[in-house]
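J.: based on what follows, work out the 3D shape:
(one chain, ligands or ions: 1)
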Amino acid sequence: MKKILIVGAGFSGAVIARELADTNQYQITVIEERGHIAGNCYTERDAETNIMEHVYGPHIFNTSNEKVWNYIQKFGEFIPSINRVKAVTEKGVFSIPINLLTINQFFNKNFNPREATDFITSKGDHTIIEAKNFEEQALKLIGTELYENFFKGYTIKQWGCDPKELPASILNRLPIRFNYDDNYYNSKFQGIPRNGYTEVVSNLLNHENIKVILNTKYTKAKNSGFDHVFYAGPLDAYFNFSLGKLAYRSIYFEKEVFDGEDYQGNPVINYCSESVPYTRIHEHKHFTPWEKHEKSIYFKEYSKETEDSDIPYYPKRLAADKELLRSYRHLAENENNITFIGRLGTYRYMDMHHVIDEALTISEDFIKTGDATSFY
Ligand code: UDP
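T.: Just a heads-up that it's a prediction; the model follows:
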């Protein structure tokens, strides 16, 4: 049997481990730096309230990819759940993503879908033909008032830079709707695992051909003795940051126990104004409405620049980072028997379903050809 090393026990590593293990042609060792599996999707029950806690921030599984949806359900029961988010702005509390209710309440109108479309189109900046950044994309699509109240402050807090420096693609993650649909996602399938994400990843990794070793930091020396390595750690860290550091935003939380049933009445509320220091508050019991708990826990989420001891969350991908990424890719292409995988390994802003989809493709390629190219 070929020997495979997988660095990182998040979704990328776990899916590849499982796909290879199922062929009975590989012996897989997964090493993980932290003391637990599941990466930033890790969930555990809060000791005091027994509420399922999304320890590294809220994760709502959503995808339009039927293959991914069917695949993941083999490893855990997903309860259908629609993420409905509210936004606190200087002008009051609204529904987000921007939809007909948001538009009518914000502008104090009674528009139907067609009238709202015409109205918002008239607000958009038509001098912008092709939006070159986040701000231009917002001004072009929704105009100044909605941009400034819903996006500008939140984005400055979240990313720590001028929205003009960010790609338009970040804004495109959020739909803008002219009906009353307030689902945060456009995805066809959406759900929350009944027993948390840790159980799903644990089920993926639970195979006689897979060995998981926790609390083990990767060094290149660990490659020896393995036929191939799948590396889900940070790309720049693999090369000892020899060319410099790729920028990430990190987040941190202030966790509180609330001695009552319901602290904020919704799973996630965004705080769009710069006058509030946090970006959002998540109250985790609302992710599992089928459970009953007397108390509640909520997290105030803050964003910060990543320092050495921080967990990297969001790849910033500013112009300088993209340049650096190109240089690291060049180094990576000269390495043998290694595939860089996942959000950190390829330095991309990926959701869980993207990661799983790519991990399935990579596994398929590898099983067929004995090699697999990294996606960047
Ligand atoms: N965003 C915003 N206001 C909001 C929600 C989102 O300005 O109320 C912007 C912000 O720049 C954010 C981006 O839209 O980074 C994408 O939001 P999403 O909710 O997809 O971010 P994630 O859940 O990945 O943190």
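J.: any regions of this protein where pLDDT drops low?
T.: Residue ranges of the chain with pLDDT under 70: 376.
J.: what parts of it come near the ligand?
T.: Proximity of the chain to the ligand (C-beta under 6 Å from any ligand atom) is limited to residues 87, 96, 150, 151, 154, 155, 158, 170, 173, 174, 270, 272. For glycine as for every other residue, the C-beta is placed from the backbone atoms N, C-alpha and C.
J.: inside strands: which ones of the residues you listed?
T.: Among the residues of the chain next to the ligand, DSSP state E puts 87, 96, 270 in strands.
J.: save those as JSON lines, and put in neighbour count too.
T.: Output for those, formatted as JSON lines (neighbours: other C-beta atoms under 10 Å):
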{"residue": "87", "neighbour count": "23"}
{"residue": "96", "neighbour count": "23"}
{"residue": "270", "neighbour count": "21"}
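J.: the closest residue to residue 69 other than its chain neighbours: neighbour count?
T.: Using C-beta to C-beta, 6 or more residues apart in numbering and skipping residues adjacent in sequence, the residue nearest residue 69 is residue 189, 4.2 Å away. Residues within reach of residue 189, counting by other C-beta atoms under 10 Å, total 19.
J.: circling back to that earlier point, among the ones in strands among the residues of the chain next to the ligand, which one sits closest to the ligand?
T.: Nearest to the ligand among those is residue 270, at 3.6 Å by C-beta to the nearest ligand atom.
J.: how close does the closest one sit to residue 261?
T.: Using C-beta to C-beta, to the nearest Å, residue 270 is found at 22 Å from residue 261.
J.: next: residue 137.
T.: For residue 137, the distance to residue 261 equals 40 Å [C-beta to C-beta].
J.: okay, those two: which has more neighbours?
T.: Legend: neighbour count by other C-beta under 10 Å for residue 137 and residue 261, higher for residue 137 (23 against 11).
J.: that one sits in which helix or strand?
T.: helix 134-146 (DSSP states H and E).
J.: next, the buried residues of that helix.
T.: Residues 134, 135, 136, 137, 138, 139, 140, 141, 142, 143, 146 are the ones in helix 134-146 that count as buried (16 or more other C-beta atoms under 10 Å).
J.: cool, stretch 61-72 as well?
T.: Judged by neighbour count using 16+ other C-beta under 10 Å, the buried positions of stretch 61-72 are 61, 62, 63, 65, 68, 69, 71, 72.
J.: these in helices, which ones?
T.: Among the buried residues of stretch 61-72, the members found in helices (DSSP state H) are 68, 69, 71, 72.
J.: pull the most distant pair out of the buried residues of stretch 61-72.
T.: Farthest pair in the buried residues of stretch 61-72 (C-beta to C-beta) is 62 and 71. Separation: 14.5 Å.
J.: was I right to think residue 119 contacts residue 113?
T.: No. In this structure residue 119 lies outside contact range of residue 113 using C-beta atoms under 8 Å: 10.7 Å.
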